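**Student:** A predicted structure for the sequence below; I have some questions about it.
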Amino acid sequence: MKIKKICCIGAGYVGGPTMSVIADKCPDIQVEVVDLNEDRINQWNNEDFENLPIYEPGLAEIVKRCRGKNLHFSSLVREKIKTADIIFISVNTPTKKYGLGAGKASDLKWVERCAREVASYASGHTIVVEKSTLPVRTAEVIKTILQASTDSINSSSGIKTFDVLSNPEFLAEGSAVSDLLFPDRVLIGGENKKAIDALSNIYKKWVPEEKILHTNIWSSELAKLTSNAFLAQRISSINSISAICESTGADVREVSRAIGKDSRIGSKFLDSGPGFGGSCFKKDILNLVYLAKFYGLNEVADFWESVVNINAWHQSRISQLVIKNLFGTLAGKKIVILGFAFKANTNDTRESAAIQICKDLINEGAYLVINDPKVSPHQITNDLGMKQLSKISETESLNMYDGLGSWNYGENLDIEIFNDAYAILVLTEWPQYSSINWKEVAKKMIQPGWIFDSRSILDSEKVKNAELNFWRVGDGS
Ligand code: UDX
Ligand code: ADP
């Protein structure tokens, strides 16, 4: 099976970067990325490569090299399905909001729609690849839909056939390009060796063969969920230990360093923070919980659900301690929030700890000034479900003292942003926050001023030397 044309359905955080790297590494393959969202497609086709819809270090350069040559973005979903040898399904699979499995199971309506489009418009033999993270046995759904179409058509013309493979993506946002270029492994689950080889041959252009793993399709789907569940579980574990550190005089950084030296544990993913965010961890664990319950494995379900519960508890622990240290009331108090993205080097805010923490503080009557180098005020408005103040009028400032919280976008990280702040809370580990001049900041703040560092990126000595009160996660010393 020689692959000449790829179609990727979904131009999001997974589809966009993955297809860009494939196009860059396989100049002999035409890569068509399609999406129903025309705005998103227009952004991918933006003249200004700095304004692509997704910010990832190194991505703009790749798109610049390939776009218009063998990488194309369009809304021509049906046309591109028709001519593709291989179709990647990279659409969103958020947690269901209503109906059976609401709050836990993945909503597969977008995947089902894709499968139906592929069933109707594909021609000849097509390999269909699940790229999105999906519940175990989703391939069965896709196969059933595709099979139904071939049964009806092939009985007359005999021209349409499909193979379904699972090829989950393990890239992390913020390091997507380097994760794609140097993956720990590429996982391909499926039955038909020819189809598996055809997909492997694409990756072999830049990934060493021993890193390309072949499994059965269900193991591949489950391995993706398990991988995210294990990573999230490590973060909940270390965050739970951070609370013990704060109570006992231990320091979570020292604990992490000590346990990370054990080669069986390893040193990665042991940074205590404000709680994990991102579109995958919570969704995938809840999926696992749903799966376990479905099979009557209630203890297994409870075990994994506790990882998500600890995460929510840890986020509320941070808002509570800000409130407690500011004498139990935030009414009318200005707090500067440094960082809103769920981690540095991305503009993504999905499930960001900042959302719940900011909502908690606003509920307590705080006036937040939120800075993030990549997240737009429009996105923050959507996430908080609340418009920002245009200018604080007298009535509004009186309202603030009545305990009605509010927020404003702090576009520039200049010294004025800290004027009259009671506290500063670091929520994302953007490097620019660690070079702030705390002595200058202290002069602008209302005393006693508080600095809360949920990411452990600030120099504690410099903050303390500026006569500011300092809290950082997991520091009981
Ligand atoms: C994750 C997986 O890493 C990736 O393999 C998968 O394909 C998608 O889900 P992502 O959500 O992009 O990637 O980011 P990741 O780097 O895993 O971080 C997730 C969250 O955990 C972030 O909020 C991050 O700040 C937090 N985190 C990570 C910590 O709090 N401490 C750590 O040590 C590592
Ligand atoms: P991910 O993080 O998994 O990449 P995103 O939400 O960033 O998820 O991207 C998924 C994309 O898939 C969205 O841009 C959405 O418009 C697109 N999409 C969803 N369903 C379809 C469909 N049936 N056809 C084409 N595009 C779709």
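**Tutor:** Received, thanks. Residues are numbered from 1 along each chain as shown. Ligands and ions are numbered 1, 2, ... in the order given.

**Student:** Next one: the closest residue to ligand 2 within the chain, what pLDDT does it get?
**Tutor:** As assessed by C-beta to the nearest ligand atom, ligand 2 sits closest to residue 12 within the chain, at 1.9 Å. Quick note: C-beta positions are derived from backbone N, CA and C, even for glycine. Per-residue confidence (pLDDT) for residue 12: 94.

**Student:** for the strand or helix carrying residue 293, packing partners?
**Tutor:** Taking DSSP states H and E as the definition, residue 293 sits inside helix 281-294. Under the contact definition 3 or more C-beta pairs under 8 Å, 6 or more residues apart in numbering; DSSP states H and E, helix 281-294 sits against helix 217-248, helix 298-325.

**Student:** any idea of the mean pLDDT in the shortest one?
**Tutor:** Along helix 298-325, the predicted local confidence has a mean pLDDT of 98.

**Student:** who touches the residue in the chain positioned nearest to ligand 1 in this structure?
**Tutor:** Taking C-beta to the nearest ligand atom, ligand 1 has its nearest neighbour within the chain at residue 278, 2.8 Å off. The contact partners of residue 278, by C-beta atoms under 8 Å, 6 or more residues apart in numbering, come to 173, 342-343, 348, 350-352.

**Student:** hmm, try it at 7 Å
**Tutor:** 173, 342, 350-351 (C-beta atoms under 7 Å, 6 or more residues apart in numbering).

**Student:** What about residue 98, how many residues nearby?
**Tutor:** 8 (other C-beta atoms under 10 Å).

**Student:** and what of the one 10 residues further on?
**Tutor:** By other C-beta under 10 Å, 19 other residues sit near residue 108.

**Student:** Could I get the phi/psi values of it?
**Tutor:** Backbone geometry at residue 108, expressed as degrees, to the nearest 10, gives phi -100, psi 20.

**Student:** At the contact with ligand 1, which residues of the stretch 101-250 of the chain appear?
**Tutor:** Counting by C-beta under 6 Å from any ligand atom, the positions of the stretch 101-250 of the chain adjacent to ligand 1 are 169-173, 228, 231, 235.

**Student:** The helix or strand that contains residue 19: how far from the chain's middle?
**Tutor:** For residue 19, the host element (DSSP H and E) is helix 15-25. From the chain centre to the centre of helix 15-25 is a distance of 18 Å (C-alpha atoms, centre = their mean, to the nearest Å).

**Student:** Repeat that for stretch 219-230.
**Tutor:** 16 Å.

**Student:** Need the pLDDT of the residue most central in space within the chain.
**Tutor:** Nearest to the geometric centre of the chain sits residue 278, at 3.0 Å (C-alpha atoms, centre = their mean). We note a pLDDT of 96 for residue 278 in this prediction.

**Student:** Likewise for the one 4 residues further on?
**Tutor:** Per-residue confidence for residue 282 comes out at a pLDDT of 96.

**Student:** Can you measure across stretch 439-457, start residue to end residue?
**Tutor:** In stretch 439-457, first residue to last residue: 17 Å (C-alpha to C-alpha, to the nearest Å).

**Student:** Over to stretch 79-95?
**Tutor:** 30 Å.

**Student:** Make 97 the starting number, not 1.
**Tutor:** In the new numbering, first residue 97, that becomes stretch 175-191.

**Student:** Wondering if that stretch reaches ligand 1 at all.
**Tutor:** No - contact of stretch 175-191 with ligand 1 (C-beta under 6 Å from any ligand atom) is absent, the minimum separation being 12.0 Å.

**Student:** Would you check that residue 485 makes contact with residue 505?
**Tutor:** No - judged on C-beta atoms under 7 Å, residue 485 makes no contact with residue 505 at a distance of 9.7 Å.

**Student:** right, and the helix or strand after the lowest-mean-pLDDT helix or strand in the chain?
**Tutor:** Least confident element among the helices and strands of the chain, by mean pLDDT, DSSP states H and E: helix 490-497 (a mean of 57). Helices and strands here follow DSSP H and E; after helix 490-497, the next one along the chain is strand 502-505.

**Student:** Starting from that following strand, tell me which strands it pairs with and how they run.
**Tutor:** Using DSSP bridges, the strands paired with strand 502-505 are strand 463-467 (parallel).

**Student:** which is the next helix or strand following the strand it pairs with?
**Tutor:** helix 473-480.

**Student:** buried residues in that next one?
**Tutor:** 473, 475-476, 479-480 (16 or more other C-beta atoms under 10 Å).
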